[in-house]
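Q: Sequence first, predicted model second:
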Amino acid sequence: MEASKTLLRGRRRIAAVVGTLLLAGCPGAAPPGPAEHHTPAHKPADYPAAVARLSELDREIVAGHARPAGELDVFTEAGDIVRWLPELAADSDLGEEPWNRIARGADELGTLIARVQAAPAAQQRDAFLALAGQWEHGLDELAAIAATAP
Amino acid sequence: MTEAVWIGAGLRFVQALLQATPTILVGVFVAGIFRRLLGHAGTRRLFGQDTWRALPQAWLIGMLLPVCSLGVIPVARELRRAGVSGGTILAFALTAPLFNPISVLYGLTLSEPVVIITFCFCSLLIVTVVGLAWDRMYPGTAAAEPEPPAVAYGLKRMLAVAVTAAEELAGPAAPYLLVGLIGVAMLSVVLPYGCLQQAAEHDDAWAPLFMTAVALPAYATPMTAMVQLASMFQHGNSVGAAFALLALGAGANLGLVVWMARCYGVRRTAVWFGILIAVVIGLAYGVDKPLYPHGVEPAGHTHAFDGYCCPFRAEEAQALPLAWQLLGEKTAPHERQALVMVAILAASGLLLKRSGRAAGVEAWLQRRPAAAASRYDVVLPAPVLGGVALAAVVALSVFGCYVYYPPPGEIFEELRIVNTEVVASATSRDWDTAAYWIPVHKDWIRKVQVSMFLRGIDLTRYQRAKADLVLERLELLEHEIEGRRAEQAAQAGRALHQSYRRMRTAFAAVEE
């Protein structure tokens, strides 16, 4: 009798645990509508637009223009666009060899921007200016490919 | 609870059963090989009984055998009958469903290889820690039955394996398989349609914990888990959640939990799972940041877990016809064939049991042939045959990779047709046709990359970028079709066609 009571209590506990685990998966919210694919507002339309935007950002940083609070940080925007370069270039009729040059160029610019972003916020512009020569050289190479892209 | 939800639960039950049948078949035959060919002593030796190798050996055997968390139940049962220790059995039962050659190939190609390799070794760490803890806390859990009587050599030994498989399927393993499948169905009742689409965001600190809670009653084949993993990485989802999904979603199910409770007791099972979950959660949080893929734009949602939720919205009025349609369209040919074989085997086992001839059949299997073997006949020892049979199972799963991932030329032939179907149906507002072909299209795009990797064909970064772009276009198109946005769907269809054309150009040399 005692053994069967213990067994029954054990089974009830198991049912409670399993039920809790299952119910823990229920967020209680209404099912969502079709998932939307959100494209960031600052993502350029294509590769030439991306290179042009990076040039604008370069001028903005060199000129020392401060962005209003709440607006996307200029180095974050630059880093995102650099990251998107290979994908944007793939969305074109560029052949493999020029695309590889773009991918390598994007990797190099990505390394530079990561070094800038690693610095404290107040020193990021100075860090960028210290690397400006390499940045602009890389950007010039990417712009040359953009100019000849089909 | 609406009718649509219960029909959805029934659909999930049948879908899980169909996905599981190939590996359930493997599981019952492996159990038969262990019992009839290796015998209890051979099985204990194979699993390194009473040596320091037991746990890593169980892990390695688990990595090689192509079984899922349902198919592993008959094997675990047989290991227990053979007297293998509890810690070793549980190490094997947890590892075997995680990986197989087909899924590892997929993961290595379409996720970061370092992630898959890390996950493999994390699984070794889990089973070692949990197995050692078990054997330390609960020593002496091995419960060997008497060695089964030897079967006569020749065809009878092969038949004996099949008889064991049939008896297992029609008998002791069946209730646990049923509980596992019911767990899947009940999970879909609890989780409304699409409710997990934002469940695994990389910046959600609760994602690994939440995924742990969902994954335990869930069922996923190793391949399904690997596809979900790859999708999570491509969408920038939480790596920790991905790991929890793999370890528990693929590794365990309610049927296995119930079997453990019956064999080892409720308290020990609860303690073991408590330790397992703690280790999984710890590792999940540990790998979350270091393994997060750089350069991936978080998509903000994922469809990877839609298969665990109810397939229909609660207000769906056509749930039953839709369920039949989904079953007809999504069931793979090998799943149909495996289902037929499982049904025949289970029916044979039931017939044997109900007819009362089981003892007679057993006696016949053990009876030696009256005529002496010719001197040119060599009677191989049963354990040798057992080893060859197990090696053949592994070899077949490796061979299966070449079948599952056909040559690139063949895949591009399929893609040509599929792409036409998708683009045409998107532009002509044939939503159901487009919704059917889009996942097929995605699947082939992924398979062509794995096929190239498998055959040692160099997959360049350029080709991979082109393929990723097609996958992204398919995803965008899928969203427009879900929302029935005609203009946007037509535009997305044209964009897809352009991306696909560019991809074909990039892969032109491979296609030849």
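A: Right, received. Where do you want to start? This is a predicted model, so every value here is computed, not measured.

Q: what about the helices in chain A?
A: A:2-24, A:47-63, A:74-90, A:96-118, A:124-130, A:132-148 (DSSP state H).

Q: where does chain A dip in pLDDT?
A: Across chain A, the ranges flagged by pLDDT under 70 are A:1-37.

Q: quick one, which of the helices of chain A is packed in tightest?
A: Neighbour counts (mean count of other CB atoms under 10 Å in any protein chain shown) averaged over each of these peak at helix A:74-90, with a mean of 21. The C-beta positions use only the backbone N, C-alpha and C, and glycine is treated the same way.

Q: Return the angle between stretch directions for that helix and helix A:96-118.
A: Relative orientation of helix A:74-90 versus helix A:96-118 (axes from the mean of the first three to the mean of the last three CA atoms, to 10 degrees): 170 degrees.

Q: between helix A:74-90 and helix A:132-148, how big is the angle?
A: Using the same axes, to 10 degrees: helix A:74-90 against helix A:132-148 is 30 degrees.

Q: element containing B:Ala359?
A: Using DSSP states H and E, B:Ala359 sits within helix B:358-366.

Q: per-residue pLDDT, the residue nearest to B:Glu478 when sequence neighbours are not counted?
A: Nearest non-adjacent residue to B:Glu478, counting by CB to CB, 6 or more residues apart in numbering or on different chains: B:Ile438, 5.2 Å away. If you check B:Ile438, the pLDDT there is 93.

Q: quick one: B:Ile438 from B:Leu471, how far?
A: Applying CB to CB, to the nearest Å, the value for B:Ile438 to B:Leu471 is 10 Å.

Q: so the residue nearest to B:Val258 when sequence neighbours are not counted is in which element?
A: Ranked by CB to CB, 6+ apart and with sequence neighbours excluded, the top spatial neighbour of B:Val258 is B:Val179, at 4.9 Å. Using DSSP H and E, B:Val179 maps to helix B:173-190.

Q: Please list the outside residues in contact with that helix.
A: By CB atoms under 8 Å, 6 or more residues apart in numbering or on different chains, the surrounding residues in contact with helix B:173-190 are A:22-23, A:25-26, B:1, B:5-6, B:8-10, B:12-13, B:16-17, B:20, B:24, B:28, B:69-70, B:73-74, B:77, B:214, B:217-219, B:253-256, B:258-259, B:308-311, B:346.

Q: Columns distance to chain B on top of the helices of chain A, output as a markdown table?
A: Formatted as a markdown table, those follow (distance: least, CB to the nearest CB, whole Å):
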| stretch | distance to chain B |
| --- | --- |
| helix A:2-24 | 4 |
| helix A:47-63 | 12 |
| helix A:74-90 | 4 |
| helix A:96-118 | 4 |
| helix A:124-130 | 20 |
| helix A:132-148 | 14 |
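
Q: Of all those helices, which one comes closest to B:Pro321?
A: When the helices of chain A are compared by CB to CB, helix A:2-24 sits nearest B:Pro321, at 28.3 Å.

Q: Buried residues in stretch B:106-123, which are they?
A: Going by neighbour count (16 or more other CB atoms under 10 Å in any protein chain shown), the buried part of stretch B:106-123 is B:106-112, B:115-116, B:118-120, B:122-123.

Q: what's the answer for stretch B:178-194, then?
A: Going by 16+ other CB under 10 Å, stretch B:178-194 has these buried residues: B:179-194.

Q: follow-up on the earlier one: only the buried subset of the contacts of helix B:173-190, as a ChimeraX command please.
A: Remark: buried members of the contacts of helix B:173-190, expressed as a ChimeraX selection using 16+ other CB under 10 Å:
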select /A:22,25 /B:5,8,9,12,13,16,17,20,24,28,69,70,73,74,77,214,217,218,219,253,254,255,256,258,259,308,309,310,311,346
